[in-house]
Each structure stands twice: as structure tokens, then as C-alpha cells.
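Enquirer: A predicted structure for the sequence below; I have some questions about it.
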Amino acid sequence: MKLLLKQLVCAVAALAWALSAQAGQPIMVGHRGCIVGVENTAAAYRIGVDLMGYAGLECDVRVTADGHYVICHDTDTKRLGGNLEVADATLEQLLAETLKQKRDGAIYTGRLCTVEEYLDICVEKNVFPIVELKWSTGINNNDMSKFDGLAQLIKERGLTQRVIFLTSMKKSLEYIRTNYPEFPTLQWLCRDGWRDNVEWCVQWQFHPSIEGTCIDDTTVPTFHERGLHVACWTIDNPALLRSLVAKGVDYVTTNKLTEF
């Protein structure tokens with residue numbers, strides 16, 4: 001009975017996705033916000049909607065030493081001019097750092113963004129969040145004890161049906177599907193591994209999010225025939241984007257492209 005309920009929820013979500021997508025055109029998602037501003041900051045997220053026009057915003061979630069949820073791709077802030085390990089630092093310490101990043105020849109400064117701020121921007125701008133789960137304290141294949149707090153933040157903002165959870169951690173995805181059926185859309189982050197995991201994706205109703213150069217002419221039909229959509233990342237080359245659009249991908253994550 002539980003399995004049938006999960007399949008029904010996923011089928012409804014798939015129908016909603018199909019009806020919302022524009023025929024022949026993928027949905028564009030801003031990678032870590034966009035290329036304007038320090039990645040994964042509030043400024044990059046706002047500009048990703050206001051200037052770039054993205055329909056969704058992707059983020060990278062980690063857990064601080066004092067149990068808060070922040071957005072940071074790496075395990076530390078060093079690449080962005082900081083000097084802290086996220087898992088060992090408090091929220092106050094992380095927010096006190098000034099981050100700096102050079103992107104497309106421009107230098108930007110900013111500060112770390114909390115998950116609360118990011119979700120509030122998604123609500124304000126009426127876009128959907130793609131929440132990528134990084135291996136963190138209490139959010140990993142061996143321990144998902146901190147996931148409930150993250151789930152509550154999303155539910156409180158009315159994003160339960162709109163959020164997409166994304167991760168390469170297979171056991172974490174299975175945990176969410178089993179224990180949180182109210183979240184209909186889960187994506188598995190992968191590269192060539194999709195070829196050996198089609199039936200697993202079908203069994204659990206996990207949509208693949210595949211590195212763009214690993215998608216061939218068979219990829220999209222393989223998953224579409226089984227009722228799953230195909231996302232791709234991170235596409236900043238216009239020629240590759242056109243090729244993937246021609247192949248029929250459903251979601252494109254990009255730092256800077258806005259046209260097909």
C-alpha cells in the first residue's frame with residue numbers, strides 16, 4: 001500500500017511537471033544563483049531571477065557546527081576568500097566572513113546565505129528551489145537526522161510541492177522517498193552512472209540530473225518512456241545547450257545562459 005501511494009504521488013507530480021513545462025523547451029535553472037555576484041549568495045539568487053529570468057534556483061546545503069542550514073558548495077569557504085570549515089564553524093562565524101569571487105572578469109563580494117534567506121527569495125520571486133544535499137553532519141548516506149529540520153523550513157514556506165531535492169547520495173534519496181512522500185520530486189545527481197541505474201531510478205521514481213556531456217541520443221527517450229524527466233548540468237556552452245535542447249532535456253542548470 002505504501003509503495004502504491006508513493007507511485008501515485010510521483011505520478012501526479014510527473015503530470016504537473018508535464019503540464020507546466022513549455023512544449024519543446026527546457027526549464028532553465030540558475031546554478032548557485034547565477035554568474036553575477038558571489039555564488040550561492042542572496043545577490044546571485046535575486047539577480048538570477050531579476051536579470052537572467054530563471055524559473056528555478058539551485059543551491060548547495062550544508063550544516064554548521066551549531067546545527068544551522070547554510071548554502072555553500074565546498075566543505076569550507078577558502079575558495080571564496082574565507083578561512084572556515086562549515087561543519088566546524090558556527091552560523092555567526094560564517095556570516096561574519098566577507099566572501100570574494102572573480103567571475104567572468106568581474107570581482108564580487110558578499111556573505112554566506114542561509115537556507116531560510118534562500119527559500120524566502122524563492123517565495124518572493126515565485127520560483128522553485130532545487131536543494132542539493134551535500135554530505136554534511138546529519139545529512140548523508142549514514143545519518144539523515146538533520147533532514148527533518150530542513151524539511152520543516154521548506155514546509156513552513158509552502159514549498160512542499162515545488163521543491164526539488166537533488167543529491168548524488170543514493171541512500172539519502174531512498175530515505176527521503178520512504179519517510180517524506182509529501183515531497184514528490186527527487187533528482188539523482190550523476191554522470192555516466194545513469195546507464196547502470198535506470199531500473200533503480202524507475203523503482204524509486206528518481207529523476208536523473210546528468211552532467212551535460214554524458215547525455216547521448218538514447219538518454220532522454222530511455223527515461224521519458226518510463227515517465228521520468230531528465231535534467232542536465234552545468235551548461236554554459238551555447239552549442240552544448242542547443243544540442244541538449246534538441247535531445248529533449250527537461251531542465252537545464254546554467255550559470256549564465258538564457259537563450260536556446
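Expert: All right, it came through fine.

Enquirer: N40 reaches L57, doesn't it?
Expert: No - using C-beta atoms under 8 Å, N40 makes no contact with L57, being 9.9 Å away. For every residue, glycine as well, the C-beta is placed using N, CA and C.

Enquirer: Could you tell me which residues make contact with T90?
Expert: T64, A65, D66, H68 (C-beta atoms under 8 Å, 6 or more residues apart in numbering).

Enquirer: redo that, cut-off 7 Å
Expert: T64, A65, D66 (C-beta atoms under 7 Å, 6 or more residues apart in numbering).

Enquirer: Number of residues surrounding the nearest residue to the first one once chain neighbours are set aside?
Expert: Spatial nearest neighbour of T64, excluding adjacent residues (C-beta to C-beta, 6 or more residues apart in numbering): L91 at 5.1 Å. As a burial measure, L91 scores 17 neighbours (other C-beta atoms under 10 Å).

Enquirer: cool, and the one 10 residues further on?
Expert: For Q101, the neighbour count with other C-beta under 10 Å is 19.

Enquirer: Low-confidence regions, this structure specifically.
Expert: Filtered on pLDDT under 70, the chain yields the residue ranges 1-23.

Enquirer: Tell me where it has helices.
Expert: 2-20, 42-50, 91-96, 115-125, 147-156, 170-179, 198-204, 219-224, 238-247 (DSSP state H).

Enquirer: Buried residues, the third one. List them.
Expert: For helix 91-96, the neighbour count (16 or more other C-beta atoms under 10 Å) marks L91, Q93, L94 as buried.

Enquirer: what's in contact with that helix?
Expert: Contacts for helix 91-96 (C-beta under 7 Å, 6+ apart): T64, D66, H68, V70, L84, V86, R111, L112.

Enquirer: cool, and the second one?
Expert: Helix 42-50 is touched from outside by 30, 32-34, 36-38, 54, 57, 110, 113, 117-118, 121, 125, 127, with contacts defined as C-beta under 7 Å, 6+ apart.

Enquirer: 8 Å instead?
Expert: So helix 42-50 is contacted by 30, 32-38, 54, 57, 59, 108, 110, 113, 117-118, 121-122, 125, 127 (C-beta under 8 Å, 6+ apart).

Enquirer: Pull out the buried residues from those.
Expert: By 16+ other C-beta under 10 Å, the contacts of helix 42-50 give 30, 32-38, 54, 57, 59, 108, 110, 113, 118, 121-122, 127 as buried.
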